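Engineer: sequence and predicted structure are below.
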Amino acid sequence: MSAETSRRLLFDMLRIRSVEETIAARYGEQKMRCPTHLSVGQEAVAAAAGAVLKPTDLAVSGHRAHAHYLAKGGSLKAMIAEIYGKVTGCARGKGGSMHLIDESVGFMGSTAIVGGTVPVGVGLSYPMKLNNTGQIACVFLGDAVPETGVFFESVNFAVVKQLPVLFLCENNGYSVYSPLSVRQPPGRKLYELVAGFGLTTHHGDGNDARAVHAALSDGVAAIRRGEGPRFYEFETYRWREHCGPNYDNDIGYRSIAEYEAWKLRDPVPALQRALIAEGVISEADVATMQATIDAEIDEAFAFAEASPFPPAEDAFADVYAADALVSAAG
């Protein structure tokens, strides 16, 4: 891996972590009036995917989408404004944290419906195959999504048609408060289950950003060569509660010891230490990165605070396809 790519991975991970920690710190101000699902602890997969995908590739995600949106190039100002419900938000204040979109960078939307964007991502890939565009569609998903019927149908269609789809699973071990042990029989592995559909799968450590990047680079290259869809599962861990800015280790569904064990594997300082030891960056470089990120975050929150709320007449605009077409036409 080049030094430039290594530095980009660290910068993007620091940026995602800092953005979400700031959201958590400011959520109590009661100005972000929508549910937020944070991915603190899971930054490595998103950052690696963002470094591998091209701007022309398309991506979709689920409810825990901040990192995916930012890694794909989405505007931080527009994301924070959206969480504030402002008209300058990426969905004009209508979607909130779970409904992010920026078509200009190929982020085609996220949704609160578990598995809801999987068929959308597969659908986006079909014209890529028909028109031989060289693009791929990336479907970000969690470990609960392979338990949905729409996932089975979509994967089967992608395999039958040999579509250029990257199914990218961040397995953080829980669906809300339910561990895999109460959702899957003993010994079953998600990547092995999905392999039964006839596509190549991979399983790896989601806290090792450079390993994730290397694996995805190989997989994406194969997809671009026309070798069909791929499913990549990376094990990781969310530190904060399922939904919200707090910690929930005290409510009984997971233990403090488990949380602390995963926290020791924090992907951000792990990469930072490795790059400093290798001479790729210095402590001063990291400080400069953090200062740049902090300034951008301050600017984004100031932008969101200063932006207006949508006018009342916008409530029913762009709700139906016909409305959107009329708006676009004139």
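Structural biologist: Yes, it's here. Remember, it's a predicted structure, so these values are computed and weren't measured experimentally. Numbering: from 1, shown residues only.
Engineer: quick one, strands of the stretch 51-200 of the chain?
Structural biologist: 58-61, 107-110, 137-142, 165-171, 174-175, 178-179, 200-205 (DSSP state E, counting those that start in this stretch).
Engineer: neighbouring contacts of the fourth one?
Structural biologist: Which is strand 165-171. Strand 165-171 has contacts (Cβ atoms under 8 Å, 6 or more residues apart in numbering) with 39, 42, 45, 49, 118, 121-122, 125, 136-143, 145-146, 155, 158, 180, 190-191, 194, 206, 216, 219-220, 223, 229-236. C-betas here are computed from N, CA, C, even on glycine.
Engineer: same question, stretch 283-296
Structural biologist: Contacts of stretch 283-296 (Cβ under 8 Å, 6+ apart): 7, 10-11, 14-15, 18, 76, 272, 276.
Engineer: top of those residues by neighbour count?
Structural biologist: Most neighbours among those, by other Cβ atoms under 10 Å: Leu10, with 26 neighbours.
Engineer: so it, which of the three states?
Structural biologist: Assigned with DSSP: H, G, I helix; E, B strand; the rest coil, Leu10 falls in the helix class.
Engineer: wait, isn't it in contact with Gln272?
Structural biologist: Yes. Using Cβ atoms under 8 Å, Leu10 is in contact with Gln272, at 6.0 Å.
Engineer: what touches both of those two?
Structural biologist: By the contact definition Cβ under 8 Å, 6+ apart, Leu10 and Gln272 are jointly contacted by 281, 286.
Engineer: low-confidence regions, the protein specifically.
Structural biologist: For the chain, applying pLDDT under 70 flags the ranges 322-330.
Engineer: returning to what we had before: what's the farthest-apart pair in the contacts of stretch 283-296?
Structural biologist: Greatest spatial distance in those: Leu76 and Ile276, 26.1 Å, computed using Cβ to Cβ.
Engineer: returning to that earlier point: list buried residues within the contacts of strand 165-171.
Structural biologist: 39, 42, 45, 49, 118, 121-122, 125, 136-143, 145-146, 155, 158, 180, 190-191, 194, 206, 216, 219-220, 223, 229-236 (16 or more other Cβ atoms under 10 Å).
Engineer: from these, which land in helices?
Structural biologist: Using DSSP state H, 45, 49, 118, 121-122, 125, 155, 158, 190-191, 194, 216, 219-220, 223 are the members of the buried ones among the contacts of strand 165-171 that sit in helices.
Engineer: of these, which is the nearest to Glu29?
Structural biologist: Among those, and counting by Cβ to Cβ, the member closest to Glu29 is Val45, at 29.5 Å.
Engineer: any idea how far that closest one is from Ser97?
Structural biologist: 19 Å (Cβ to Cβ, to the nearest Å).
Engineer: likewise for Pro310?
Structural biologist: For Pro310 relative to Ser97 (Cβ to Cβ), the value is 16 Å.
Engineer: surely Ser61 and Phe140 touch.
Structural biologist: Yes. The pair formed by Ser61 and Phe140 meets the contact definition of Cβ under 8 Å, at 4.1 Å.
Engineer: what's the overlap in contacts for these two?
Structural biologist: His68.
Engineer: how about Glu147, nearest residue that isn't a chain neighbour?
Structural biologist: Distances taken as Cβ to Cβ, 6 or more residues apart in numbering place Arg183 nearest to Glu147, at 6.3 Å, with adjacent residues excluded.
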